[in-house]
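> here's my sequence, what's the structure:
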Amino acid sequence: ITSDYLAAIADTLVRQALSMARDYLVQRHGQPRCQYENENRHAGLCIVAYGKAGGIELSYGSDLDMVFLHDSCGTQQFTDGEKPLDNQVFFVRLAQRIIHIITTRTPAGILYEVDPRLRPGGTSGMLVTSLDAYETYQQKNAWTWEHQALVRARAIAGNTNSRERFESIRREILSQRRDTDKLKQEVCEMREKMRDNLDKSKPTQPPFNENGIFDLKQGRGGIADIEFIVQYIVLSCAADYPGLLEKTGMLPLLRLFAKYKLLDESACTQLSEAYRVYRAETHRLALQNQPAKVKNARFSEQRQQVMQWWADILE
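Numbering: from 1, shown residues only. Model prediction:
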């Protein structure tokens, strides 16, 4: 419930930032328009939330993983004001201003840190991408981990046309039939890379002594393992169970796995319970400005259960 409220607040603030930034630029350059199939229409921006924001799982102090997409296409892609801009330039300035509004430090602090690195091409890619280019990238160039990230993505702001187009692309990509053996290998390889670089547990390999440190997010049997299990099942099963694409959060998806009998009910129950207690602890630690690390003994039962289901499902 805490995450629901925090996500709703973030969604509202992002929409307000978009409105403020757009009003500012439209006053100076006019509305972005384009000519497509004999229709001259407005072009709009879609803001997509990934990660915790996309999964409606924000914690205190979470940053916002956001991707900016626009639906401008065809010809005559310019704003209609006295100082016209190419639409791509307009949308880049719009995204920059949105980020500025959200991240500006005031006497009361900032709203959120913003991380746009999940965009196509990462830090080397353009800050704002057309929906056409985004679709091509997802179909032809995206890595498996980028499709995993798409499981938790949702459009949170923008005009109706661009948001619907994004959701259509998301459904199309996630509904592709995949070689499950290859998918399993790629998911496991990416998880190992993440552990090698991000896991702050001590020790990182079993056996774990009770006084050791467990990284709730990146440790073996932790939050990321549950997320990878869920993402693997969605990618491997969405073609036959399109209802999986209606949810982006881990707990709602685990409930659907039980409903569709994609996992043992005991697995769904234990993974859900582990996810709940881990997230509750990360909330508590975040409020105390503490890292998401605890003594191994704190959640040894949940950790062992998650590790066992990881082995059963992905190894």
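> look at Y36 and report its pLDDT.
pLDDT, Y36: 86.
> what is it paired to in the beta sheet?
When assigned by DSSP bridges, Y36 has beta-bridge partners E39.
> that one touches D71, doesn't it?
No - counting by C-beta atoms under 8 Å, Y36 does not reach D71; the two are 9.4 Å apart. All C-beta atoms are positioned from the backbone trio N, CA, C, and that covers glycine.
> of these two, who's got more company?
Neighbours around Y36 and D71, counted as other C-beta atoms under 10 Å, are more numerous at D71. The numbers are 26 against 15.
> just give the nearest non-adjacent residue to the more buried one, would you?
Spatial nearest neighbour of D71, excluding adjacent residues (C-beta to C-beta, 6 or more residues apart in numbering): S162 at 4.1 Å.
> isn't that neighbour right up against C46?
Yes - the criterion here is C-beta under 8 Å, and S162 meets it with C46 at 3.6 Å.
> looking at those two, which one has more neighbours?
The residue with more neighbours, out of S162 and C46, is C46; 26 against 23, by other C-beta under 10 Å.
> how many residues are close by the residue nearest to F208 when sequence neighbours are not counted?
Distances taken as C-beta to C-beta, 6+ apart place N296 nearest to F208, at 4.7 Å, with adjacent residues excluded. Neighbours of N296 under the rule other C-beta under 10 Å: 19.
> show me what contacts N296?
N296 makes contact with F208, N209, E210, N211, G212, I213, F214, R303, according to C-beta atoms under 8 Å, 6 or more residues apart in numbering.
> now V48
Counting by C-beta under 8 Å, 6+ apart, V48 makes contact with G54, M66, V67, F68, L69, A153, R154, A155, I156, F166.
> which residue is the nearest non-sequential neighbour of it?
Leaving out its chain neighbours, the residue that sits closest to V48 by C-beta to C-beta, 6+ apart is V67, at 4.5 Å.
> so that neighbour sits right up against L118, yeah?
Yes - with contact defined as C-beta under 8 Å, V67 reaches L118; the gap is 5.7 Å.
> okay, these two: which has more neighbours?
Applying other C-beta under 10 Å to V67 and L118 shows that V67 carries more neighbours, namely 25 against 19.
> give me phi/psi at the more buried one?
For V67, the backbone dihedrals (degrees, to the nearest 10) come out as phi -120, psi 140.
> so V48 belongs to a helix, correct?
No - V48 is assigned strand when assessed by DSSP: H, G, I helix; E, B strand; the rest coil, not a helix.
> give me the pLDDT value at it.
With respect to pLDDT, V48 has a value of 98.
> so how far is Q308 from it?
Distance, V48 to Q308, using C-beta to C-beta, to the nearest Å: 34 Å.
> all helices for this protein, in order.
In the chain, the segments counted as helices under DSSP state H are 2-29, 51-54, 87-103, 131-140, 144-151, 160-174, 180-198, 223-237, 250-259, 265-287, 300-314.
> for those helices, which one sits closest to Y60?
The closest of these to Y60 is helix 265-287. By C-beta to C-beta, the value is 4.1 Å.
> would you put the C-alpha positions of that closest one in PDB?
Only the C-alpha atoms of helix 265-287 are listed here, as PDB (Å, rounded to 0.1, in the frame of the first residue of the first chain):
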ATOM      1  CA  GLU A 265       0.900 -22.200  -5.500                       C
ATOM      2  CA  SER A 266       3.500 -22.700  -2.800                       C
ATOM      3  CA  ALA A 267       6.100 -20.900  -4.900                       C
ATOM      4  CA  CYS A 268       3.800 -18.000  -5.500                       C
ATOM      5  CA  THR A 269       3.000 -17.700  -1.800                       C
ATOM      6  CA  GLN A 270       6.600 -18.000  -0.600                       C
ATOM      7  CA  LEU A 271       8.000 -15.600  -3.300                       C
ATOM      8  CA  SER A 272       5.200 -13.100  -2.500                       C
ATOM      9  CA  GLU A 273       5.800 -13.200   1.200                       C
ATOM     10  CA  ALA A 274       9.600 -12.800   0.800                       C
ATOM     11  CA  TYR A 275       9.000  -9.900  -1.600                       C
ATOM     12  CA  ARG A 276       6.700  -8.200   1.000                       C
ATOM     13  CA  VAL A 277       9.000  -8.500   3.900                       C
ATOM     14  CA  TYR A 278      12.000  -7.500   1.900                       C
ATOM     15  CA  ARG A 279      10.300  -4.400   0.600                       C
ATOM     16  CA  ALA A 280       8.900  -3.500   4.100                       C
ATOM     17  CA  GLU A 281      12.500  -3.600   5.400                       C
ATOM     18  CA  THR A 282      13.800  -1.500   2.600                       C
ATOM     19  CA  HIS A 283      11.100   1.100   3.300                       C
ATOM     20  CA  ARG A 284      12.200   1.100   7.000                       C
ATOM     21  CA  LEU A 285      15.900   1.400   6.200                       C
ATOM     22  CA  ALA A 286      15.300   4.100   3.600                       C
ATOM     23  CA  LEU A 287      13.500   6.300   6.200                       C
END
